[in-house]
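Undergrad: everything below, folded, please.
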Amino acid sequence: MKYYYPEHVEGYARVRREGKSAWAEIHGQEGFDNFASRGFLEAVLPRLHFSVRRPTALELGCGTGPGACFLAERGFRVDAVDLLPTAIEMAKQIAAERGLEVHFEVADVCELPVDGKQYDLVVDSFCLQCIVFDAEREHLFSAVRSRLRPGGYYLVSTAVLDREHETMIGDRTTKDASTGVVYAEYGSGLIDVETGIVLRPFEAKPEDYPDAVTIAGQSYLPHRRHLRPSVLAAELEAAGFAVVYRDENHAGSMACTSTSESPNKTAAGDA
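TA: Numbers count the residues shown, from 1 in each chain. Here you go, the predicted model:
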């Protein structure tokens, strides 16, 4: 089983079991519409320029659909994908109750086909942070580039190693004897500060998870990739994107275009 399955299987089972409507609600937030990337979307969407009245949008990691519904309510024609059938089932129900037409589908973004329908907007709603390994991230970026229409935008919202997260790094370190990587304490887990890879302890059988590692007798799964904002921007640029909008209030959120596009087709008023 892939390393990112257990957290999301458990999380959406909890969302349903507790009668909640969205992932954020099991992490202290209130309300379906109070999703993590909303502030960034509200800031950036007025700055984007589309050539059609109803642009098409693809949301990656849509969960139960708050971001997809937000876009649909603002006139976008929305397709949205998530890893978990439970999340997609709930998303379909909530969108229908709101009278919104959104096409939801179960899909692993790490296996998103490079060829397929193109969009005016591709939105990553805190999905990228869960994709740890370089090869998977490179595949996703390649698929996004191929799915963007000329003049299209890629909006990324992800957790980063900002000042708040820096305070979580402890003084104690643990060395992985098999790789020589030295990890620092990071909340309840570990972080390789150089790569931003975060590990979290888990109790399942390591043999069930090819990406599991054992360090000092404790089993860990790759959990997050927390890069510093400047490193994230450099990664996106190396992957063929130009970062055309950043907002200091949302350090891990960036609007991008493909570098093959004209520089005139960018967001207005970079911050």
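Undergrad: what are the buried residues along stretch 217-234?
TA: Using 16 or more other Cβ atoms under 10 Å as the test for burial, stretch 217-234 gives 219-229, 232-233. Quick note: C-beta positions are derived from backbone N, CA and C, even for glycine.
Undergrad: what about Thr247, neighbour count?
TA: Quick fix: residue 247 is Asp, not Thr. Neighbours of Asp247 under the rule other Cβ atoms under 10 Å: 16.
Undergrad: quick one: residues contacting it.
TA: 40, 43-44, 253, 271 (Cβ atoms under 8 Å, 6 or more residues apart in numbering).
Undergrad: which single one of those residues is nearest to Ala143?
TA: Closest approach between the contacts of Asp247 and Ala143, by Cβ to Cβ: Ser253, at 20.1 Å.
Undergrad: I'd like to know how far His8 sits from Asp176.
TA: Going from His8 to Asp176 by Cβ to Cβ, to the nearest Å gives 25 Å.
Undergrad: one step back: is it possible to export the contacts of Asp247 to CSV including pLDDT?
TA: As requested, these are exported to CSV (pLDDT from 0 to 100):
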residue, pLDDT
Phe40, 96
Ala43, 95
Val44, 97
Ser253, 97
Ala271, 32
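Undergrad: ok, back up a step: so which of the buried residues of stretch 217-234 sit within strands?
TA: Counting by DSSP state E, those place 219-225 in strands.
Undergrad: can you redo the residues you listed as JSON lines with distance to Thr167 and pLDDT?
TA: As requested, those are exported to JSON lines (distance: Cβ to Cβ, whole Å; pLDDT from 0 to 100):
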{"residue": "Ser219", "distance to Thr167": "26", "pLDDT": "92"}
{"residue": "Tyr220", "distance to Thr167": "22", "pLDDT": "94"}
{"residue": "Leu221", "distance to Thr167": "23", "pLDDT": "95"}
{"residue": "Pro222", "distance to Thr167": "22", "pLDDT": "96"}
{"residue": "His223", "distance to Thr167": "18", "pLDDT": "96"}
{"residue": "Arg224", "distance to Thr167": "16", "pLDDT": "97"}
{"residue": "Arg225", "distance to Thr167": "19", "pLDDT": "98"}
